[in-house]
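Colleague: Pasting a predicted model and its sequence here:
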Amino acid sequence: MSERNEDLSELFSRANSIVYCIFMMYRFLLNSIVTLSLVLGVTLKPNIGIGAVFEPEYYEHYNKLFNRALREQELTGSSQTHLEGTAIAIKPILSEYIKKFCTYANNHDIAAILVIGSERTIHTLNVIAQPLGIPVLGYMTGAKAINAQVHNPFYLRLQPSKADHARAFIQFFQANFWFNVVLLLEEDLLFDGLYSEMMKTSKDSKWNLQVEIIAVNITIESLYNVTLTLLSGSPKLVFIHSNMDLCKRIFIVSEKEHISSVNHAWFITENCYTRNNSELMSFPSGVLTILPRSVMHVEDIITDGVNLLIKAMRGVEKYVDLKKRKQCFERDLDSNEEIGEQLHRLIISTNVPGITGHIQFDQDGTLNAQSFDIQTFVKEGSLYWRDIGYIRGGDISPFGIIWPGDPITDHMISSKKKYRIVTNPVKPFVMEQPPNADYDGCAQDTTCLFLEDNPDKMETIQMIKDFEAGVFNESRPYEIRCCRGLSIDLLNRLASDLDFEYTLFIVSDKTYGKELNGTWNGMVRDLMAGTAHMAVAAMSITPSRVKVIDFTDPYFFSGFSVLYTEIKIATNMIAFLEPFSIEVWFAIFISATFAAFGMALFEWNSPFGLNPWGRKRKTNYCLASGLTMVYSVLFGHTVKTKSPKAWPSKVLQNFWAFSCIFIIASYTANLAAFIAGKHAGVTYGDIYDSRVSLHVKYFVAFPHIMARSIDEPEPAELDSTLNN
């Protein structure tokens, strides 16, 4: 017995050892699998490189900024892609630079490169990066950055294009109501993007853009003839897009022939901009320019560039296989073009709200810039450029702008903008009356001018200037009136909020504006000719007016109502048929009759149907049975009917019953809508509705006010309307 117990204990001991060994092996395998999965996870996580190239003298500082931006994005971002960045410095010797860059590109899966440097640096890098299919995000430094052209389809420029520059000028001109522009364009700059964008943006009929293309080597005599032909006479807005040499010659010729004293408004582009005093001596005072936002530090550009590239390259392995890219000095590098196009598309489809502004590129890889500064040239003891405003997207804030035709001294006194505003009196929007006889002025009302003898544009402007200067010229008489009303109150509030001044005058012909034989009269004519900068009145928006002038949103809606007597109509005896038309009722009854005929024929000819020769039936299924069945189902009545026995008849009967469900549901819904519609109110669009045209003569006050303030018929037309 004791031996048996010893055998059992030994057996249990061996079993425990085996179980323990199995458990330890399982634990070892489990830990190995977990460790292996972690290792594979790190190993299989793709490494994507983002490169950077900087000038040697700034490399240490820019490299720190570059790595810091990478670390910040790695901490905040979550992606299955492992992004790593490396920056290299430019080598002074070109061969060493190419060798270093190729070594760097061969050892990393480079998806894109950020470069900040001179024209030579960026051109050299693009020559190497383009065959490898690597997009380059570049910011060019130095004076040559304005006109430098980089011939690489994968290059993205972190600087505004000439098209953006042109849109900024057009936006500024339009905000100041300058639509008559003379563009003096240098021939060499014809295809830099500014001219084409100007022509595309100013296609509206309100623009009058004169373009003169000037050759670089034009003689003084020819330049004199051009400037004398274009700029003599009335003041104009002159827009010069040329390099410094031609720009100076234009100013010198204009000053020599006293053209600049005509109070033209001069604008120049970035190509003609300088801070060199020796060159600024030939510039007339008051020249304006619009420049890309100058407060753009390279540190901010690096941060925005890194943020853009990291956002674009997260998950890039799903779209591009960088392992297929061929390395430097290999043959047949054309296969890298497809990789470059895919990476380029990823970048231009990405946008980030950056420190320097919203970073977004168009399909050509051009930055869509929206931040510009407005500067004017000042001669006050020294020569310098003064900031007077800015453009931030749709926000335009110019101050102290010199208007074409206005003396410069007028605007040096006040920094507020000043507008000429035309109006047309009509109660209660604009009401005019003579000044108070006691003190010969307007106490609480706004002073407005009535200009006699229907003057033209220049005469009107001169009369307004005489009034502003306190001068009365008998050859150009004007009458002072006092204006008030809803529109005047709104205008005064706008002038206070938007910080501008204005001179108000009444349209000479007392009309809003109508096109007669291709020409406009009234306030529309004054707006189109530039006599007035804006109009404030109870002026209706019509399709023809919208084509030539711009309107604000409507600020007043009529509160008038029309009273009418509701006519009670007796209910018709056949009103229950109203939910369906006659055609629908005919279709329903014809369908029911055909269904009855079909079931009767199927049943009568079937060997299994209710007929005299089929299976000794006691009853027969005839046409009357079919008609009874279909109409009882249609009208929802319980009537004793015969049930068909043949399968074709049963199918047709069920199909008809299924159709009746939809017919009854549709009839019920239409009947409810018909009953509700009988008690609904009647809506009239206006006083000229045909339903009330016979009763217009009882509402004399209403059509008189509405017609004169909104629809504007002439008095004769109004009288005929009331009489009819």
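Modeller: Noted; the coordinates are in hand.

Colleague: give the contact list for Phe556.
Modeller: 429, 486, 538 (CB atoms under 8 Å, 6 or more residues apart in numbering). The way it works is simple: take the backbone N, C-alpha and C, and place the C-beta from them, glycine included.

Colleague: is it true that the last one touches Val426?
Modeller: Okay, so that is Ala538. Yes: counting by CB atoms under 8 Å, Ala538 touches Val426, with 5.2 Å between them.

Colleague: Report the buried members of the contacts of Phe556.
Modeller: Buried members of the contacts of Phe556, counted by 16 or more other CB atoms under 10 Å: 429, 538.

Colleague: This protein - how does it break down into domains?
Modeller: 1-44, 48-159+296-367, 161-292+370-385, 416-546, 575-678 (automatic domain parsing).

Colleague: To Thr552, which of those lies closest?
Modeller: Minimum separation from Thr552 across these (CB to CB) falls at domain 416-546, 9.1 Å.

Colleague: and that closest one, average pLDDT?
Modeller: Throughout domain 416-546, pLDDT has a mean value of 85.

Colleague: Next, format the domains of the chain as TSV and append distance to Ile396.
Modeller: As requested, the domains of the chain are exported to TSV (distance: least, CB to CB, whole Å):
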stretch	distance to Ile396
domain 1-44	53
domain 48-159+296-367	16
domain 161-292+370-385	5
domain 416-546	11
domain 575-678	52
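
Colleague: Of all the ones you listed, which one is nearest Tyr555?
Modeller: domain 416-546 (6.4 Å).

Colleague: the bottom helix or strand of this structure by mean pLDDT?
Modeller: helix 701-706 (a mean of 32; mean pLDDT, DSSP states H and E).

Colleague: By mean pLDDT, show me the worst of the domains of the chain.
Modeller: Mean pLDDT, when computed for each of these, is lowest for domain 1-44, at a mean of 51.

Colleague: how about the helices in the stretch 301-450 of the chain?
Modeller: Ranges of helices in the stretch 301-450 of the chain, per DSSP state H, counting those that start in this stretch, are 336-348, 408-413.

Colleague: still on that earlier bit, filter the contacts of Phe556 down to the ones in strands?
Modeller: Judged by DSSP state E, the contacts of Phe556 include no members of strands.

Colleague: Help me confirm that Leu184 comes into contact with Arg249.
Modeller: No: look at Leu184 against Arg249 with CB under 8 Å: they stay out of range, at 10.8 Å.

Colleague: Between the two, which is the more surrounded one?
Modeller: Leu184 (23 against 18; other CB atoms under 10 Å).

Colleague: which residues touch that one?
Modeller: So Leu184 contacts 212, 214, 226, 230, 238-242, 250 (CB under 8 Å, 6+ apart).

Colleague: ok, the helix or strand hosting Val115: who's next to it in the sheet?
Modeller: Per DSSP states H and E, Val115 falls inside strand 110-117. When pairing is defined by DSSP bridges, strand 110-117 lines up against strand 47-54 (parallel), strand 136-140 (parallel).

Colleague: Next, find the distance separating Ile663 from Ser625.
Modeller: To Ser625, Ile663 is 21 Å away according to CB to CB, to the nearest Å.

Colleague: which of those two has more neighbours?
Modeller: Under the criterion of other CB under 10 Å, the comparison of Ile663 against Ser625 puts Ser625 first, with 20 against 16.

Colleague: The more buried one contacts Ser643, doesn't it?
Modeller: No: the pair Ser625 and Ser643 fails to qualify as a contact (CB under 8 Å) at a distance of 9.4 Å.

Colleague: How about the secondary structure of Asp192?
Modeller: Using DSSP: H, G, I helix; E, B strand; the rest coil, the structure places Asp192 in coil.

Colleague: Run a quick neighbour tally on it.
Modeller: 22.

Colleague: quick one: contacts for Ile391?
Modeller: 168, 171-172, 290, 370-374, 397.

Colleague: right, and out of these, which lies closest to Lys547?
Modeller: Gln171 (20.9 Å).

Colleague: In contact with the closest one, which residues?
Modeller: By CB under 8 Å, 6+ apart, the contact list for Gln171 reads 391, 396.

Colleague: Okay, it and Val150: tell me how far apart.
Modeller: Taking CB to CB, one finds Gln171 at 27 Å from Val150.

Colleague: can you tell me the distance between the two ends of stretch 442-453?
Modeller: Its first and final residues considered, stretch 442-453 spans 24 Å by CA to CA, to the nearest Å.

Colleague: just use 153 as the starting number from now, easier for me
Modeller: Renumbered: residue one is now 153, and that last one reads stretch 594-605.

Colleague: would you list every one of the strands in the stretch 203-352 of the chain?
Modeller: 234-241, 262-269, 288-292, 307-312, 332-338 (DSSP state E, counting those that start in this stretch).

Colleague: How far away from the center of its chain is the fourth one?
Modeller: Here strand 307-312 is found 22 Å from its chain centre; the criterion is CA atoms, centre = their mean, to the nearest Å.

Colleague: Where do the strands of the stretch 553-702 of the chain begin and end?
Modeller: Counting by DSSP E, counting those that start in this stretch, the strands of the stretch 553-702 of the chain are 569-575, 583-585, 598-603, 630-636, 652-658, 667-668, 671-672, 686-687.

Colleague: Now render those as TSV, adding distance to Val782.
Modeller: Output for the strands of the stretch 553-702 of the chain, formatted as TSV (distance: least, CB to CB, whole Å):
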stretch	distance to Val782
strand 569-575	75
strand 583-585	75
strand 598-603	81
strand 630-636	78
strand 652-658	79
strand 667-668	66
strand 671-672	70
strand 686-687	71
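
Colleague: sorry, back to before: who touches the strand holding Val267?
Modeller: Here strand 262-269 has contacts from 200-207, 210, 214, 218, 242, 256, 273-274, 277, 281, 284, 286-293, 450, 453-454, 457-458, 461, 464-465, 468, 472, 474, 495, 499, using CB under 8 Å, 6+ apart.

Colleague: Nearest to Pro706, out of the domains of the chain?
Modeller: Using CB to CB, those put domain 568-698 closest to Pro706, at 7.4 Å.

Colleague: how far out from the middle of the chain is the closest one?
Modeller: That offset, for domain 568-698, works out to 33 Å (CA atoms, centre = their mean).

Colleague: What is the neighbour count of the closest residue to Ser501 other than its chain neighbours?
Modeller: Nearest residue to Ser501, sequence neighbours excluded (CB to CB, 6 or more residues apart in numbering): Ala464, at 7.7 Å. Ala464 is flanked by 24 other residues according to other CB under 10 Å.

Colleague: How about the contacts made by Ala464?
Modeller: Counted by CB under 8 Å, 6+ apart, Ala464 has contacts 264, 498-499, 501-502.

Colleague: From these, pick the one nearest Ser434.
Modeller: Ile499 (43.4 Å).

Colleague: For the closest one, give its distance to Gly269.
Modeller: Distance of Ile499 to Gly269, given as CB to CB: 19 Å.

Colleague: before we move on, what about Asp705?
Modeller: For Asp705, the distance to Gly269 - CB to CB - is 49 Å.

Colleague: Looking at the two, which one has more neighbours?
Modeller: Set Asp705 next to Gly269 and count neighbours by other CB under 10 Å: Gly269 wins out with 22 against 5.

Colleague: re earlier: send me the strand holding Val267 as PDB with only the CA atoms.
Modeller: In PDB, the C-alpha atoms belonging to strand 262-269 read as follows (Å, rounded to 0.1, in the frame of the first residue of the first chain):
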ATOM      1  CA  ILE A 262      13.100  62.800 -49.200                       C
ATOM      2  CA  ALA A 263       9.500  63.900 -49.900                       C
ATOM      3  CA  ALA A 264      10.100  67.600 -50.100                       C
ATOM      4  CA  ILE A 265      12.700  70.300 -49.400                       C
ATOM      5  CA  LEU A 266      12.500  73.700 -47.800                       C
ATOM      6  CA  VAL A 267      15.100  76.200 -49.100                       C
ATOM      7  CA  ILE A 268      15.800  79.700 -48.100                       C
ATOM      8  CA  GLY A 269      18.600  81.500 -49.900                       C
END
